[in-house]
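Engineer: Here is the input, now give the coordinates:
(one chain, ligands or ions: 1)
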Amino acid sequence: MDLTWSEREERFRDECRAWLAANVPPEPLPSGDTREGFALHLEWERKLYEARWAVVSWPPEYGGRGASLWEWLIFEEEYYRAGAPQRVTQNGVFLLAPTLFEFGTQAQKDRYLPRMAAAEDLWCQGWSEPNAGSDLAGIKSRAVRDEAAGGWRLTGQKTWTTRGAFCTHLFGLFRTDPQAERHRGLTYFLVPLDTDGVTVRGVGRLDGDEGFAEVFFEDAFVSDDCVLGGVNEGWNVAMATTSSERGLTLRSPGRFTATAARLVELYHQRAREADPSVRDDVIQGWMDAEAYRLYTLADVTNIVEGRPPGARSSLNKIWWSELDVRLHETALALLGAHGELVAGAPEAVEGGAWMKGYQFALSGPIYAGTNEIQRNVIAERVLGLPRR
Ligand SMILES: Cc1cc2nc3c(=O)[nH]c(=O)nc-3n(C[C@H](O)[C@H](O)[C@H](O)COP(=O)(O)OP(=O)(O)OC[C@H]3O[C@@H](n4cnc5c(N)ncnc54)[C@H](O)[C@@H]3O)c2cc1C
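Structural biologist: Next up is the predicted model:
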């Protein structure tokens with residue numbers, strides 16, 4: 001693996017760094033998991049799109065720059081280094097889009113990708129149900145064929161749908177063959193949330209934001225062209241999405257190297273009052289973020305050379321989610337009692353961002369498949385250990 005960036009890559013880095021320096025809002029936007037914050041984030045997403053930075057690795061006909069995976073990583077590093085807003089379009093852009101590129105018909109790509117890039121269609125993920133989280137194949141929501149109308153009738157309930165309350169579309173799994181073996185009777189659907197028979201109800205979170213939603217389907221009709229990747233083929237299609245979710249695309253290293261850099265900065269400001277043992281945690285956090293970056297460079301080398309990550313993406317997921325918790329815990333240890341001050345408190349450091357980040361980091365070992373499940377995947381499919 002050669003860690004030298006080419007001239008072209010250096011130019012790309014300079015170009016995105018200059019654009020971000022001129023355009024990133026000087027003050028952090030309010031949380032994108034609130035209705036007002038989401039609207040402000042959308043304005044930012046549209047600005048990104050107009051400057052062709054929204055989906056850099058996509059082909060130009062869908063709004064991208066045809067950038068390589070390496071350039072995408074560079075963009076992400078610069079994006080987080082510049083302190084740019086969290087991407088509220090991430091479920092569409094980073095999770096659904098790679099699956100659409102792989103499994104979508106030409107008509108589906110043409111219909112959905114440009115609107116997704118432009119932040120006009122806003123996608124949420126509808127997989128979890130009240131009794132189907134880790135056991136995703138246990139879902140009960142069903143789709144029944146309506147021959148006469150040329151489509152499907154959806155019934156059931158999804159839960160924990162991130163930003164579902166603010167989105168326009170949902171991608172989700174529905175059971176289409178109740179007689180088939182659990183994994184085999186599922187189909188992946190693309191559903192406009194304004195369809196008759198769909199009800200979206202917001203759910204509050206631990207940190208007070210209302211970003212989650214429950215989504216109810218009561219005989220909601222969708223046409224045949226809302227099936228992604230074939231009837232009863234949903235499990236395979238969904239596994240392509242989870243590989244993106246756990247691996248590279250959802251959480252690139254730039255996010256964590258930027259957090260580690262902020263932590264080092266915080267240490268410089270607070271070193272005198274800090275417990276000496278925190279110094280070691282700061283160093284460890286910085287090294288762990290760098291380790292993730294180096295691991296990712298090796299991962300991208302593998303992908304570029306034709307060795308896709310598959311089950312190895314579970315290693316990434318455990319690493320970035322546990323790292324995020326450690327970085328925030330260390331920051332809170334540095335801040336002491338100040339760490340408990342939230343946005344709006346006069347003496348809150350960085351607007352209470354460390355506490356907010358900590359609360360969100362706690363969910364990292366749960367979403368995108370819990371870390372217990374990832375450890376099972378690694379045991380069985382990477383190490384070849386026996387199932388228990
Ligand atoms: C911030 C956040 C955002 C989310 N966003 C979305 C979203 O947008 N769309 C969506 O569909 N879902 C979303 N989820 C839901 C998430 O995917 C589920 O919470 C997760 O899959 C776990 O499912 P569960 O909550 O039903 O827990 P359960 O499956 O009931 O698990 C409970 C506990 O038991 C453990 N466990 C279960 N089975 C095993 C096993 N076989 N071996 C070892 N341990 C096991 C789990 O690891 C966990 O610790 C989100 C969750 C969070 C926290």
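
Engineer: Lowest mean pLDDT among the helices and strands, pick that one out for the chain.
Structural biologist: helix 234-246 (a mean of 83; mean pLDDT, DSSP states H and E).

Engineer: so what secondary structure elements neighbour it?
Structural biologist: On a contact count with 3 or more C-beta pairs under 8 Å, 6 or more residues apart in numbering; DSSP states H and E, helix 234-246 meets helix 97-103, strand 169-175, strand 186-192, helix 313-335. Glycine gets a C-beta too; all of them are placed from N, C-alpha and C.

Engineer: which residues are in contact with the first one?
Structural biologist: Taking contacts as C-beta atoms under 8 Å, 6 or more residues apart in numbering, the residues outside helix 97-103 that touch it are 55, 58, 108-109, 112-113, 116, 171, 188, 228-230, 237, 240-241, 244, 249.

Engineer: Taking the stretch 101-250 of the chain, what residue is nearest to the ligand?
Structural biologist: Nearest to the ligand in the stretch 101-250 of the chain, going by C-beta to the nearest ligand atom, is Gly133, at a distance of 1.9 Å.

Engineer: Only the buried residues of the helix ranked longest in the chain, if you could.
Structural biologist: Taking DSSP state H as the criterion, the chain has its longest helix at helix 276-304. By 16 or more other C-beta atoms under 10 Å, the buried positions in helix 276-304 come out as Val278, Asp281, Val282, Gly285, Trp286, Asp288, Ala289, Tyr292, Arg293, Thr296, Asp299, Val300.

Engineer: Would you mind measuring from Lys47 to the ligand?
Structural biologist: 25 Å (C-beta to the nearest ligand atom, to the nearest Å).

Engineer: Could you count how many residues lie near that residue?
Structural biologist: 15 (other C-beta atoms under 10 Å).

Engineer: Quick check: it vs Ala337, distance?
Structural biologist: Using C-beta to C-beta, to the nearest Å, Lys47 is found at 38 Å from Ala337.

Engineer: repeat for Gly204
Structural biologist: Distance of Gly204 to Ala337, computed by C-beta to C-beta: 26 Å.

Engineer: Then Lys158?
Structural biologist: Distance from Lys158 to Ala337, by C-beta to C-beta: 40 Å.

Engineer: what do you get for Arg375?
Structural biologist: For Arg375, the distance to Ala337 - C-beta to C-beta - is 35 Å.

Engineer: Same drill for the two, tell me which one is more crowded.
Structural biologist: Legend: neighbour count by other C-beta under 10 Å for Arg375 and Ala337, higher for Arg375 (13 against 7).

Engineer: confidence score at the more buried one?
Structural biologist: Predicted confidence (pLDDT) for Arg375: 96.

Engineer: The host helix or strand of it close to the ligand?
Structural biologist: For Arg375, the host element (DSSP states H and E) is helix 371-377. Yes - Helix 371-377 reaches the ligand (C-beta under 6 Å from any ligand atom) through Glu372, Ile373, Asn376.

Engineer: How about residues contacting that helix?
Structural biologist: So helix 371-377 is contacted by Ser134, Arg246, Ala311, Ser314, Leu315, Lys317, Ile318, Ser321, Glu322, Pro365, Gly369 (C-beta under 8 Å, 6+ apart).

Engineer: what does stretch 14-32 give?
Structural biologist: For stretch 14-32, the surrounding residues in contact (C-beta under 8 Å, 6+ apart) are 36-38, 40-41, 44, 47, 51, 53, 56, 74-75, 78-79, 81-86, 88, 163, 209, 211, 351, 353, 356.

Engineer: so who does the residue nearest the centre of the chain touch?
Structural biologist: For the chain, the residue nearest the mean C-alpha position is Leu250 (3.9 Å; C-alpha atoms, centre = their mean). Applying C-beta under 8 Å, 6+ apart, we find Leu250 in contact with Gln90, Phe94, Leu95, Ser244, Ala368.

Engineer: Identify, from those residues, the entry nearest to Ala67.
Structural biologist: Using C-beta to C-beta, Phe94 is the member of those that lies nearest Ala67, at 14.4 Å.

Engineer: so how far is Val55 from the closest one?
Structural biologist: In terms of C-beta to C-beta, Phe94 sits 10 Å off from Val55.

Engineer: So for the two, which sits in the more crowded spot?
Structural biologist: Val55 (25 against 19).
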